[in-house]
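# Provided below are the primary sequence and the corresponding predicted coordinates.
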Amino acid sequence: MINTNPNYETCQISDIKKIIEKKNYNLIGDVIEFGTFTGGSTKTLSSLFPEKTIFTIDHFQGLEKTNKNVPKDSDWIERAFALDNPLYVDNSNVPKSIDELLERFKGHDNIKMIISDVHQLTQPSDYGIGKIAICNLDVDIYEPAVSALEFLTKCEWSEVFIRFDDWHGGESEYDQHERLAFSEWIEKYKYEFIITHGGFIGGVYVKR
């Protein structure tokens, strides 16, 4: 397992632009997001990077059943984060349909939504995806994180900044999810990387 940044800083989505500008990374391309759900992070990314296309991917069926241990304090139950889950019927922050979500995206013309199971994604060119500079990974559990990172490898990039919404640095009960998927991905492809944020929400700069 890759060690997390000992300062355990958190990578807030609203800070991504100033983070990458401060570091002076050579990031060229658009933004890809795995895990749309309410669309809140998608709209933030759209506003931060109006000159980029925001490709956001979700099947809106919620979490699958994971074969890894589920942390006791998490809400990672099967079908969590599905738009039609009765758990959210009284939650106004959760759209009740994809059409309602699309309404929220009005005025954000640089958002392109891809409705697909992350495991069933084909080639980036099939979705009009070219060069990628930034990735927001918010799929929570191990299995979709593995598939998301594999799809990212298929994308065109030389350097990319990845925000991990559930990195949970320093929390051993989360060792088998996003951080494990990242560790295995790095080992498989031998990418160079710097962990910029090792806290609850992670940030990693990766170079091929």
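All right, it came through fine.
# only C-alpha atoms for contact and neighbour calcs from this point on.
OK.
# mind checking how far the most centrally placed residue in the chain is from Trp185?
The chain has Leu137 as the residue nearest its centroid, 1.2 Å off, counting by Cα atoms, centre = their mean. From Leu137 across to Trp185, the span is 14 Å (Cα to Cα, to the nearest Å).
# now do Ser97
From Ser97 across to Trp185, the span is 33 Å (Cα to Cα).
# ok, these two, which is more surrounded?
Between Ser97 and Trp185, counted using other Cα atoms under 10 Å, the more crowded position is Trp185 (17 against 13).
# What residues of the helix or strand encompassing the more buried one count as buried?
Using DSSP states H and E, Trp185 maps to helix 178-189. Applying a neighbour-count criterion of 16 or more other Cα atoms under 10 Å, one finds 178-182, 185-186 buried in helix 178-189.
# Report all helices and strands that the host helix or strand of Val206 contacts.
Using DSSP H and E, Val206 sits in strand 202-207. Applying 3 or more Cα pairs under 8 Å, 6 or more residues apart in numbering; DSSP states H and E, we find strand 202-207 packed against strand 159-164, strand 192-198.
# List the neighbouring strands of the helix or strand containing Ile57 plus their orientation.
Using DSSP H and E, Ile57 sits within strand 54-58. Neighbouring strands of strand 54-58 in its sheet, by DSSP bridges, are strand 30-34 (parallel), strand 111-115 (parallel).
# Go through the last one and flag the buried ones.
This points to strand 111-115. By neighbour count on 16+ other Cα under 10 Å, the buried set for strand 111-115 is 111-114.
# Is it possible to get CSV of those residues that adds pLDDT and distance to Lys131?
Formatted as CSV, the buried residues of strand 111-115 follow (pLDDT from 0 to 100; distance: Cα to Cα, whole Å):
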residue, pLDDT, distance to Lys131
Ile111, 98, 16
Lys112, 98, 15
Met113, 98, 17
Ile114, 98, 16
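# ok, His177 - contacts?
68, 140-143, 145 (Cα atoms under 8 Å, 6 or more residues apart in numbering).
# what about 6 Å?
141-142 (Cα atoms under 6 Å, 6 or more residues apart in numbering).
# pLDDT value on it, please?
For His177, the pLDDT comes out at 98.
# follow-up on the earlier one: report the two of the buried residues of strand 111-115 separated the most.
The most widely separated members of the buried residues of strand 111-115, counting by Cα to Cα, are Ile111 and Ile114 (9.7 Å).
# Overlap in contacts, these two.
With contacts defined as Cα under 6 Å, 6+ apart, no residue is adjacent to both Ile111 and Ile114.
# circling back: now the strand holding Ile57: average pLDDT?
Mean predicted confidence for strand 54-58 is 98.
# what's downstream of that strand, the next helix or strand?
Next along the chain after strand 54-58, taking DSSP H and E as the criterion, comes helix 98-104.
# Could you grab the helix/strand/coil label for Cys135?
Here Cys135 is recorded as strand under DSSP: H, G, I helix; E, B strand; the rest coil.
# wait, what's in contact with it?
Contacts for Cys135 (Cα under 6 Å, 6+ apart) come out as 31-33, 162.
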